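Trainee: Please work out how this folds:
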Amino acid sequence: MGEAVARVARKVNDTVENKTDSLDLANCKLMSFPVGIYKAMRSVTEGIHRISLANNELKSITSRFVTTFSQLTELNLAGNYLHRLPEEITSLLHLRAIDLSRNRFRHFPEPLATVPALETIDLEENEIAEVPTDKLASMALLRSLNLRANPVGPEVRLLVRPLVPFELLLSPEEPIPKA
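Mentor: You can find the predicted model right below:
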């Protein structure tokens with residue numbers, strides 16, 4: 001446990017001291033975003049454009065996280081236990097890519113549909129069966145939506161260009177077993 005805390009502290013200090021535009025806290029066994037990081041990074045939060053919290057044990061992302069790191073362009077939350085996003089995610093006006101693969105989403109996180117700059121959404125390996133196709137079709141900049149390894153319904157498979165202006169990635173259909 002102490003080793004993991006020291007690794008997080010080192011990574012935060014590197015980001016602050018070097019004034020880099022990214023924070024990589026992947027594989028740190030985090031169960032929540034450490035509150036102390038907000039204070040430690042307050043002088044550089046506006047300059048942070050990329051955050052990776054991949055492969056941790058996060059069950060939620062707070063509205064404070066989203067509003068603190070308001071200039072994000074990329075957010076990697078893959079490999080956690082997330083099942084929803086805070087409504088405030090819509091305030092990330094510069095967010096271009098979000099990776100939510102290998103989480104616990106049962107429903108498409110609808111707040112994403114109103115994030116204006118979003119180009120890439122990765123939701124591979126979740127439990128999503130339904131997708132708000134009408135909302136997705138209105139996302140002007142969306143280029144790629146990865147829904148591979150999700151139990152999506154047949155209506156989602158009908159979403160093809162030019163009905164939607166983005167690439168839709170799905171797993172191959174399972175063949176219907178013969179009786």
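Trainee: And for the lowest-mean-pLDDT helix or strand in the chain, what's in contact with it?
Mentor: Least confident helix or strand of the chain, by mean pLDDT, DSSP states H and E, is helix 154-157 with a mean of 77. Helix 154-157 has contacts (Cβ atoms under 8 Å, 6 or more residues apart in numbering) with Glu130, Val131, Thr133, Leu147, Leu168, Leu170, Glu173. Yep, even glycine has a C-beta here, placed from its N, CA and C like the rest.
Trainee: Which among the residues you listed count as buried?
Mentor: Val131, Thr133, Leu147, Leu168, Leu170 (16 or more other Cβ atoms under 10 Å).
Trainee: Please, where are all the helices along the protein?
Mentor: Taking DSSP state H, the helices of the chain run over residues 2-18, 35-40, 63-68, 133-137, 154-157.
Trainee: can I get these in a markdown table with distance to Asn80?
Mentor: Formatted as a markdown table, the helices of the chain follow (distance: least, Cβ to Cβ, whole Å):
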| stretch | distance to Asn80 |
| --- | --- |
| helix 2-18 | 15 |
| helix 35-40 | 17 |
| helix 63-68 | 13 |
| helix 133-137 | 23 |
| helix 154-157 | 24 |
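Trainee: For Arg106, which of the ones you listed is the nearest?
Mentor: helix 154-157 (14.7 Å; Cβ to Cβ).
Trainee: Going by neighbour count, which residues of that closest one are buried?
Mentor: Val156.
Trainee: Next: stretch 123-140.
Mentor: So stretch 123-140, judged by 16+ other Cβ under 10 Å, has buried residues Leu123, Glu124, Glu125, Asn126, Ile128, Val131, Thr133, Leu136, Met139.
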